[in-house]
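Novice: task: produce atomic coordinates for the following.
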Amino acid sequence: MTLPRRLPRVAALTAAAALTLALSACSAGGFTDARDAAPVGTAAGAAAGTTTVPTGGLGTGVTAVGTVVTTDGFTVYRFANDRTTPSASTCLGECAAKWPPVKGDGQPALQGIPTGLVGTVGRPDGTQQLTLNGWPLYRYAGDTRPGEAKGEGVGGTWAAMGANGTPAAAGPAASPATAPDSQPAGFGAAAHHGTGT
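Specialist: Residues are numbered from 1 along each chain as shown. This is a model prediction of the structure:
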């Protein structure tokens, strides 16, 4: 009569294996492998001068230059002509069609980004744009696949972002006034600091 004793054990092992598989599937998405993500935007949107940019999260990932990516793996940039104190976006109109803002309503999910560096800034159209170390964040419409960084250095004013809010090529120096929290945020952690306009 060892069969009844084995049945609960087999059921428990099967349940554990299913849970492990489910958790593995969850962690395999998002920021860990940007190569499988779908491109952002549509031909109709591009023709109309708008690009759909997913919202709700930032993470660290490997791209050609930068280390900060959107939830679907696209490189995130900053514009040297923007202001950080207070945060203000100067990329509007045609500029915003080529460099869509990374919008964020509510609290963004973060992975590997210090929570104290992430915030939002109001845009003239009433939407909120994510900021990192005060810098408004953008995508480049010319990046058609996750991991590309074709916007790096464009016009001498665009730079891919590092996780601490400085240009990825510039290194890790963060402003002492906005030093990162001691612990980076994990995926799903919330941050919403400062909403300058």
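
Novice: quick check: buried residues in stretch 92-107?
Specialist: 96-104, 107 (16 or more other CB atoms under 10 Å). The way it works is simple: take the backbone N, C-alpha and C, and place the C-beta from them, glycine included.

Novice: following element in sequence after the helix or strand harbouring Ala96, please.
Specialist: Element membership of Ala96 [criterion: DSSP states H and E] is helix 94-98. Downstream of helix 94-98, the next assigned helix or strand under DSSP H and E is strand 109-111.

Novice: just checking, what packs against that next one?
Specialist: For strand 109-111, the packing partners by 3 or more CB pairs under 8 Å, 6 or more residues apart in numbering; DSSP states H and E come out as strand 57-60, strand 189-190.

Novice: which stretch in those strands has the least confidence?
Specialist: Across the helices and strands packed on strand 109-111, strand 189-190 has the smallest mean pLDDT, namely a mean of 30.

Novice: quick one, helices of this protein?
Specialist: Remark: helices assigned in the chain by DSSP state H are 3-28, 43-47, 94-98.

Novice: what about the nearest residue to Val76 once chain neighbours are set aside, how many neighbours?
Specialist: Of all residues not flanking Val76 in the chain, Val68 sits nearest, at 4.4 Å (CB to CB, 6 or more residues apart in numbering). Per other CB atoms under 10 Å, the neighbour tally for Val68 reads 26.

Novice: Val68 touches Ala159, doesn't it?
Specialist: No - judged on CB atoms under 8 Å, Val68 makes no contact with Ala159 at a distance of 10.8 Å.
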